[in-house]
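**Q** the sequence and its predicted three-dimensional model are supplied below.
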Amino acid sequence: MRDFSNLIPLEMQPSSADYLGILPSLEVLPFFADEFQRHLPGEDFPFHLKPFSSYGEISRSLLTRKLVAGIIPWEIFIADILALPGQRACWKIPIFLQACPTELVLREPIYKAFYAPAGTGPAKLPQRLSIGIESQHSLTKVQLREWLAHWKATHSTTLTFTMLPMETRMEALQNGSVDAIIARSPWGIHAEASGLGRRDLRFNRSKYHQRLVLVCHREFLEKNPQLSQKLSLGIAHARTQLKTSSAFSKAIESMTDLGKPFIRPRMLEKAADLHSFSSLDDDVIPDIKQLVSELMLLGDLAILPSQVAASEQTARLLLPCQ
């Protein structure tokens with residue numbers, strides 16, 4: 001395993017080191033609201049937002065210090081960053097962000113195999129399923145198995161998971177390289193609207209839903225000790241502002257201006273209505289108890305890496321403030 005403990009110190013990095021990596025999606029929209037910028041102007045919000053097509057790319061950019069912060073699923077942070085040699089004391093979690101659901105999109109023939117029309121006899125379920133997902137360590141794999149368990153006869157279905165960036169995931173669904181994709185909303189809505197397949201509404205958050213975290217390098221957070229509180233306040237005010245259609249549209253435009261990958265504005269609007277985006281309000285500044293609980297949950301699901309202990313010691317290392 002590659003040792004990342006001797007990376008270039010943060011203070012020696014070029015100015016690009018103040019970037020916050022994001023995957024454009026519904027839950028990061030508050031960062032683009034005017035009200036968010038008003039509550040964290042200038043040095044109070046010391047990031048430049050940078051879009052990526054995959055959480056894996058964000059993780060790699062964090063490890064190589066091309067980013068000082070990133071928004072990624074909790075379990076991917078634990079497996080792809082914290083579990084690596086030399087990383088346990090390098091990272092802090094200022095805030096857990098409210099995450100919108102992931103969405104399962106099946107190619108039309110696969111969807112019809114699961115949902116045979118009434119009167120046509122029992123469904124002929126596929127013997128193999130290839131699913132495009134975001135990471136080998138993603139909870140979406142557990143979600144997919146839970147969804148599949150609804151059909152009792154699928155115990156013999158062989159699952160293959162392929163890790164693909166968001167745009168490539170769409171292309172793979174279109175050309176039949178995968179049978180289905182799992183994507184964060186509204187990318188599933190986008191795929192369905194583009195005629196690439198059909199969303200399965202049975203696939204929902206359940207007890208295996210992902211938690212998103214904003215991950216910061218320790219040295220960066222030490223220079224910005226009030227970041228957790230400022231982020232929480234700024235996001236709360238931004239969500240209130242985004243209830244108005246004009247502010248929502250402007251935030252979408254700002255996110256689109258940032259660059260690829262692009263989401264059609266209508267898809268974000270549809271996802272916001274579907275998932276009651278304006279009512280989301282449970283962004284959390286973590287404490288030791290919550291961090292231990294989140295680590296133990298990954299352990300219960302058998303996806304906590306052996307290199308990471310679900311202990312208070314690990315939680316204290318991740319706490320924003322000591």
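**A** Good, I have the coordinates.

**Q** for the strand or helix carrying Val213, packing partners?
**A** Element membership of Val213 [criterion: DSSP states H and E] is strand 212-217. The contact analysis (3 or more C-beta pairs under 8 Å, 6 or more residues apart in numbering; DSSP states H and E) places strand 212-217 against strand 69-73, helix 74-77, strand 91-97. From N, CA and C alone the C-beta is placed, and that goes for glycine too.

**Q** tell me the most buried of those?
**A** Highest mean neighbour count of those: strand 69-73, a mean of 26 (counted as mean count of other C-beta atoms under 10 Å).

**Q** in its sheet, what does that one sit against?
**A** strand 19-22 (parallel), strand 212-217 (antiparallel) (DSSP bridges).

**Q** which residues are contacting that strand?
**A** 19-23, 28, 47, 55, 58-59, 61-62, 97, 99, 134-135, 138-139, 210-217, 220 (C-beta atoms under 8 Å, 6 or more residues apart in numbering).

**Q** go with 6 Å
**A** Leu20, Gly21, Ile22, Tyr55, Ile58, Leu62, Gln210, Leu212, Leu214, Val215, Cys216 (C-beta atoms under 6 Å, 6 or more residues apart in numbering).

**Q** follow-up on the earlier one: pick the most buried one from the strands paired with strand 69-73.
**A** By mean count of other C-beta under 10 Å, these have strand 212-217 as the most buried, with a mean of 26.

**Q** coming back round to it: just curious, which of the contacts of strand 69-73 is nearest to Leu148?
**A** Nearest to Leu148 among these: Gln210, at 18.0 Å, using C-beta to C-beta.

**Q** now do the contacts for that closest one.
**A** With C-beta under 6 Å, 6+ apart, Gln210 has these contacts: Pro73, Ala99, Leu139.

**Q** what of Ser185?
**A** Contacts of Ser185 by C-beta under 6 Å, 6+ apart are Leu26, Cys100, Pro101, Glu103, Ala271.

**Q** name the element Ala310 belongs to?
**A** Ala310 belongs to no helix or strand, assigned by DSSP H and E.

**Q** pLDDT value on the nearest residue to it once chain neighbours are set aside, please?
**A** In this structure, Ala310 finds its nearest non-sequential neighbour in Leu295, 3.7 Å apart by C-beta to C-beta, 6 or more residues apart in numbering. The model reports Leu295 with a pLDDT of 96.

**Q** secondary structure element for Leu295, which one?
**A** helix 288-300.

**Q** dump the C-alpha coordinates for that helix into CSV.
**A** Output of helix 288-300 as CSV, limited to C-alpha atoms (Å, rounded to 0.1, in the frame of the first residue of the first chain):
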residue,chain,number,x,y,z
ILE,A,288,-17.1,12.7,20.1
LYS,A,289,-20.3,10.8,20.7
GLN,A,290,-21.6,11.2,17.2
LEU,A,291,-18.3,10.4,15.6
VAL,A,292,-18.0,7.2,17.6
SER,A,293,-21.6,6.3,16.7
GLU,A,294,-20.9,6.9,13.0
LEU,A,295,-17.8,4.8,13.1
MET,A,296,-19.6,2.0,15.0
LEU,A,297,-22.3,2.0,12.3
LEU,A,298,-19.7,1.3,9.6
GLY,A,299,-18.4,-1.5,11.8
ASP,A,300,-21.9,-3.0,12.1
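
**Q** ok, back up a step: quick one: mean pLDDT for the strand holding Val213?
**A** 94.

**Q** chain center to that strand, what's the gap?
**A** Here the centre of strand 212-217 is set off from its chain's centre by 11 Å, with C-alpha atoms, centre = their mean, to the nearest Å.

**Q** which SSE is immediately downstream of it?
**A** helix 218-223.
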